[in-house]
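Engineer: Can you look at this prediction? I've put the sequence above it.
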Amino acid sequence: MTPFEHLAEDTLEAYSLNRLSAEQVETAEEHLLGCVYCQTRQKKMDEFVAASKSAAARIAAEPVKKNPNALVAIAIAAAIAAIFFIPRGMEQPMAVELSAVRNEAKLSVPAGKPLMIKLDLRGLASGSYRWEIAGTNLVGTLKPNEPNLTVKGLAQGQYWVRLFGADNRELAREFSLAVR
């Protein structure tokens, strides 16, 4: 898993059920420590697991009845629990294309939504570039064959996406990103 990938649903479930190895727990907890998006998904998974265990315990404690309506009631309860407690999975990132400008751009994106940011690289030499979003701890490398950045949802505010050359010192481009 790279620093910019979110935890998979099965990893979150296994974490909630204490079914990860010590090494996997360490990796998951390290990611959860810094990823608000996965923290929210893990909380929902924990709630779902707790609700499932509680329902299973109640069902196991009840005497078996020969009533077919009980099975229908259990199926309905399970469907309702699934609607309210199963995490919705990874939200599709909103595609955003940024162009280098001298002043604030008129483009704005919604706060808290994952973004897939395509940067305008016209006129730059091909190669890898280091990127950062000023005011956050988000950084990474933009490779020639991967021109898009995928970032978790940002809080409201004005951000600057900065692209640095191969030497990591010279600013190659700066892009404005307004989050509302």
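Structural biologist: That came in fine, so what should we check first?

Engineer: so what secondary structure elements neighbour the helix ranked longest in the chain?
Structural biologist: Criterion DSSP state H: the longest helix present in the chain is helix 36-61. When contacts are defined as 3 or more Cβ pairs under 8 Å, 6 or more residues apart in numbering; DSSP states H and E, helix 36-61 packs onto helix 9-16, helix 22-34, helix 68-85. C-beta here means a position set from N, CA and C on the backbone, and glycine is covered the same way.

Engineer: just the angle between it and helix 22-34, please?
Structural biologist: Per axes from the mean of the first three to the mean of the last three Cα atoms, to 10 degrees, the angle that helix 36-61 makes with helix 22-34 is 120 degrees.

Engineer: Just the buried residues of helix 36-61, please?
Structural biologist: Residues of helix 36-61 classed as buried by neighbour count (16 or more other Cβ atoms under 10 Å): 37-38, 41-42, 44-49, 51-52.

Engineer: out of those, which one sits closest to Thr136?
Structural biologist: The shortest gap between Thr136 and any of the buried residues of helix 36-61 belongs to Tyr37, at 13.3 Å (Cβ to Cβ).

Engineer: quick one: low-confidence ranges for the chain?
Structural biologist: Along the chain, segments meeting pLDDT under 70 span 1-4, 63-68, 70-71, 82-92, 97, 99-106, 168.
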